[in-house]
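Colleague: kindly return the folded structure for what I paste below:
(one chain, ligands or ions: 2)
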Amino acid sequence: MYKVLTLNNISVKGLERLPRDRYEVASEIAHPDVILVRSADMHGMEIPPTVKAVARAGAGVNNIPVAELTRRGIPVFNAPGANANAVKELVLAGMLLAARNICQAWHYVRGLEGEEAAMEREVEAGKKRFRGFELPGRTLGVIGLGAIGVQVANTALRLGMKVLGYDPQITVERAWQLSSEVAQAHSPDDLVARSDFVTLHVPLTETTRHKINAERLALMRPGAVLLNFARREIVDEEAVLAALDAGRLHAYVCDFPSPRIKDHPRVVALPHIGASTVEAEENCAVMVAEQVRDWLENGQVRNAVNFPEVQMPRAAGCPRLVVVNANIPNMLGQISTDLAEAGLNIADMINKSRGEIAVTLVDVEGEIPPEVIERIGAIDGVLSVRLIPAAA
Ligand SMILES: NC(=O)c1ccc[n+]([C@@H]2O[C@H](COP(=O)([O-])OP(=O)(O)OC[C@H]3O[C@@H](n4cnc5c(N)ncnc54)[C@H](O)[C@@H]3O)[C@@H](O)[C@H]2O)c1
Ligand SMILES: O=C(O)[C@H](O)COP(=O)(O)O
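Modeller: Ligands and ions are numbered 1, 2, ... in the order given. As a prediction, the model looks like this:
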């Protein structure tokens, strides 16, 4: 029985992919094999030695100590693209909220008092304060052309906007998905200087922290709108407040409230609901549940942020060894020597690496005695060895 610890609410549709006869899932459970998480902060958490995988039912992994888990030979899975449409829709809503001053107008209406005729007069007199602007012909700058950025860029084009994109590490897959009408910005500075709306879709890393700072805000077009549905720390909030107060920035729309910004009249701060749709929650949970199962039951890796992709069909009637090892010379030689010395024949084998980590899958003809597994586990550089019984 595999034990799965959930640190956040995970969609039932995903949990249903973990059959109850083989998986016990609970929000409190001792000696978990897997941790399923959304935004709970795992930094500083003691991660038990039994853990074989951490799975993020979402995109961002900045709440997970990925480097430490990599050192321990534990894969961290996420759900690339599974919540991208949900975020894209909220970004579009955010552009309209800002362009038409909808939140301010709504707030104004809620403060109205008095009789119908008087209210009507006040509305007609007051509405000029909320005059906005339209999207066609305006330029949207998208920083980060991954799953979300590409969808936002392509949809903005369909609304009649001009679109600029910046992503020095865009993948071939995303480049194929991106409309050829999206123009390339040469740098973040170039992008912000030429955009009426700037939207951020990069992960939070040391390079992206405070990507939007006072210097960059000073380059933005007067009256521009900044949208941040990526992570709070990507923007220097003090600098944004100063730009808003100076009238340089028209609005800051984000998914990350903080005491400092939430009450500013030109800030629209939503409570991190970018991925909070039924569809996105299901997509993410289903994707990571299936990836976790494949790792535990077949040793295969799909969509890990720190492990190589590894897939090998199961050899009929063969148990499988799943070895996580340092990506150094002669690991395969030592593993196969230990098997050969025990008189075991290898039916199939694969070894894939990524950075400092390698995963080796070995399908072996016949039962593998525990002492052979122990010997392989003791090889210098081997981080873990698991035996998966032959598929039924
Ligand atoms: N508000 C929400 O609820 C919500 C939901 C999903 C994702 N997010 C956030 O959005 C981020 C992006 O999500 P995604 O699914 O598009 O991820 P993704 O991995 O598909 O795309 C991220 C893109 O950013 C690019 N990038 C990285 N560093 C960059 C840099 N310095 N400059 C320009 N581009 C850079 C990468 O090359 C990649 O193409 C996530 O990491 C997460 O923090 C927020
Ligand atoms: O990175 C993500 O996928 C989002 O920030 C969503 O976070 P959530 O799963 O806590 O809604």
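
Colleague: residues contacting the residue in the stretch 1-150 of the chain that ligand 1 sits nearest to?
Modeller: Scanning the stretch 1-150 of the chain for the residue nearest ligand 1 gives residue 146, at 1.7 Å (criterion: Cβ to the nearest ligand atom). (C-beta placed from N, C-alpha, C; glycine too.) Taking Cβ atoms under 8 Å, 6 or more residues apart in numbering, we find residue 146 in contact with 80, 167, 170-171, 174, 201-202.

Colleague: just among the residues you listed, which is most surrounded?
Modeller: In terms of neighbours by other Cβ atoms under 10 Å, the contacts of residue 146 top out with residue 201 at 28 neighbours.

Colleague: wait, doesn't that residue sit right on residue 151?
Modeller: No: if you go by Cβ atoms under 8 Å, residue 201 and residue 151 don't touch, sitting 9.1 Å apart.

Colleague: residue ranges in the stretch 201-350 of the chain under the pLDDT threshold?
Modeller: Low-confidence segments of the stretch 201-350 of the chain, defined by pLDDT under 70, are absent.

Colleague: could you pull up phi and psi at the closest residue to ligand 2 within it?
Modeller: Proximity of the stretch 201-350 of the chain to ligand 2 (Cβ to the nearest ligand atom) peaks at residue 275, 3.6 Å away. Phi and psi for residue 275, reported as degrees, to the nearest 10, are phi -110, psi 10.

Colleague: state the number of residues packed around the closest residue to it other than its chain neighbours.
Modeller: Of all residues not flanking residue 275 in the chain, residue 83 sits nearest, at 3.8 Å (Cβ to Cβ, 6 or more residues apart in numbering). By other Cβ under 10 Å, the residues close to residue 83 number 26.

Colleague: now swap in residue 286 and tell me
Modeller: 19.

Colleague: next up, the contacts around the residue nearest to residue 275.
Modeller: 58-59, 274-275, 277, 280-281, 283-284.

Colleague: can you redo those residues as a markdown table with neighbour count?
Modeller: Supplementary listing: the contacts of residue 83 in a markdown table, determined by neighbours: other Cβ atoms under 10 Å:
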| residue | neighbour count |
| --- | --- |
| 58 | 25 |
| 59 | 24 |
| 274 | 25 |
| 275 | 27 |
| 277 | 16 |
| 280 | 23 |
| 281 | 23 |
| 283 | 24 |
| 284 | 28 |
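
Colleague: ok, so of those, who is nearest ligand 1?
Modeller: The shortest gap between ligand 1 and any of those belongs to residue 274, at 2.6 Å (Cβ to the nearest ligand atom).

Colleague: chain neighbours aside, what residue packs nearest to the closest one?
Modeller: Nearest non-adjacent residue to residue 274, counting by Cβ to Cβ, 6+ apart: residue 87, 4.3 Å away.

Colleague: and this structure, which residues reach ligand 1?
Modeller: Residues of the chain found near ligand 1, taking Cβ under 6 Å from any ligand atom as the criterion, are 58-60, 80, 83-84, 87, 143-149, 166-167, 169-170, 174, 201-204, 207-208, 229-231, 255, 272, 274-275.

Colleague: what about these, which are in helices?
Modeller: 84, 87, 147-149, 174 (DSSP state H).

Colleague: quick one: which of the residues you listed is nearest residue 387?
Modeller: residue 147 (35.6 Å; Cβ to Cβ).

Colleague: from what I can see the closest one touches residue 84, true?
Modeller: Yes: assessed by Cβ under 8 Å, residue 147 is found in contact with residue 84 at 4.0 Å.

Colleague: would you mind measuring from residue 355 to ligand 2?
Modeller: As for residue 355, its distance to ligand 2 is 22 Å (criterion: Cβ to the nearest ligand atom, to the nearest Å).

Colleague: what residues are up against that residue?
Modeller: 70, 306, 327.

Colleague: could you identify the helix or strand that succeeds the helix or strand that contains residue 98?
Modeller: In this assignment (DSSP states H and E), residue 98 forms part of helix 84-99. Following helix 84-99 in sequence order, the next helix or strand is helix 102-110 (DSSP H and E).

Colleague: flag every buried residue along that following helix.
Modeller: 103-105, 108 (16 or more other Cβ atoms under 10 Å).

Colleague: what's the burial count for residue 139?
Modeller: Residue 139 has 18 neighbours, counted by other Cβ under 10 Å.

Colleague: with residue 21 instead?
Modeller: Residue 21 has 6 nearby residues by other Cβ under 10 Å.

Colleague: can you give me the pLDDT of it?
Modeller: You'll see residue 21 listed with a pLDDT of 97.

Colleague: now do the same contact list for it.
Modeller: Taking Cβ under 8 Å, 6+ apart as the definition, residue 21 has no contacts.

Colleague: secondary structure class for it?
Modeller: Under DSSP: H, G, I helix; E, B strand; the rest coil, the three-state class of residue 21 is coil.

Colleague: what parts of the stretch 1-150 of the chain come near ligand 2?
Modeller: So the stretch 1-150 of the chain meets ligand 2 at 38-39, 58-60, 83 (Cβ under 6 Å from any ligand atom).

Colleague: as CSV, those residues with pLDDT would be great.
Modeller: Formatted as CSV, those follow (pLDDT from 0 to 100):
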residue, pLDDT
38, 98
39, 98
58, 98
59, 98
60, 98
83, 98
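
Colleague: between which two of these is the distance greatest?
Modeller: Longest span within these, Cβ to Cβ: 39 and 83, 11.9 Å.

Colleague: between those two, what contacts are shared?
Modeller: Contacts common to residue 39 and residue 83, judged by Cβ under 8 Å, 6+ apart, are residue 58.
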